[in-house]
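Colleague: for reference, the sequence and a predicted model appear below.
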Amino acid sequence: QSSGFILLPGLISTTELEELSEEYDSMFERKKADGGRLEARWSGNWNNENSTSSVLSIHNLQQHSSVFTKLLLHPAMLDSLEDLMQGSVVLHHTKAHLKPPKDGAPFPTHQDYHYFPYKKHSMLAVFIHLDDTDPENGGLGVF
């Protein structure tokens, strides 16, 4: 509670992560081939980044792939969430981001909480890295 996050290493097996990673890449390739709108780069003049930078996004992954539906029903993850929430868990939404190497568009520091008000501050986010991350390649910053 003091740091605002908890790490649960090993919750998802290496085999499961590999399946998720392969499906993640495949899902983005399918969506690109379908010609859907995927670009989610932040607009505005907050940053003078190269206009060719990109970040692609897909919402509601479970509607695009059964692999992600299976992830939402992962027993160890659900047990952990129920323990943290001290009760039932309700899914609000899922989303995935894909940034190309070296040209990945930055996301400015921001707060989404006010868009999703819940009683008793009972909302939490689950963040699953499919690749190793660090400050050099875009790790998540928690402030």
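Modeller: Right, received. Where do you want to start? Remember, it's a predicted structure, so these values are computed and weren't measured experimentally.
Colleague: what about the longest helix in the chain?
Modeller: helix 14-34 (DSSP state H).
Colleague: what average pLDDT does the following helix or strand past that helix get?
Modeller: Note on helix 14-34: by DSSP states H and E, the next helix or strand toward the C-terminus is strand 56-59. For strand 56-59, the mean pLDDT works out to 93.
Colleague: show me what the following helix or strand past strand 56-59 is packed against.
Modeller: Note on strand 56-59: by DSSP H and E, the next helix or strand toward the C-terminus is helix 66-72. Judged by 3 or more C-beta pairs under 8 Å, 6 or more residues apart in numbering; DSSP states H and E, the packing partners of helix 66-72 are helix 14-34. (Glycine included, C-beta is placed from N, CA and C.)
Colleague: give the contact list for the most centrally placed residue in the chain.
Modeller: In the chain, the centroid-proximal residue (C-alpha atoms, centre = their mean) is residue 96; its distance is 4.8 Å. Counting by C-beta atoms under 8 Å, 6 or more residues apart in numbering, residue 96 touches 24, 27, 28, 57, 58, 61.
Colleague: try 10 Å
Modeller: 20, 24, 27-28, 31, 56-61, 64-65, 68, 128, 130 (C-beta atoms under 10 Å, 6 or more residues apart in numbering).
Colleague: doesn't it belong to a strand?
Modeller: Yes: under DSSP: H, G, I helix; E, B strand; the rest coil, residue 96 sits within a strand.
Colleague: ok, the contacts of residue 96 vs residue 116, which is closest?
Modeller: residue 59 (13.9 Å; C-beta to C-beta).
Colleague: now residue 111, what are its backbone angles?
Modeller: phi -130, psi 120 (degrees, to the nearest 10).
Colleague: can you check residue 128 too?
Modeller: phi -120, psi 120.
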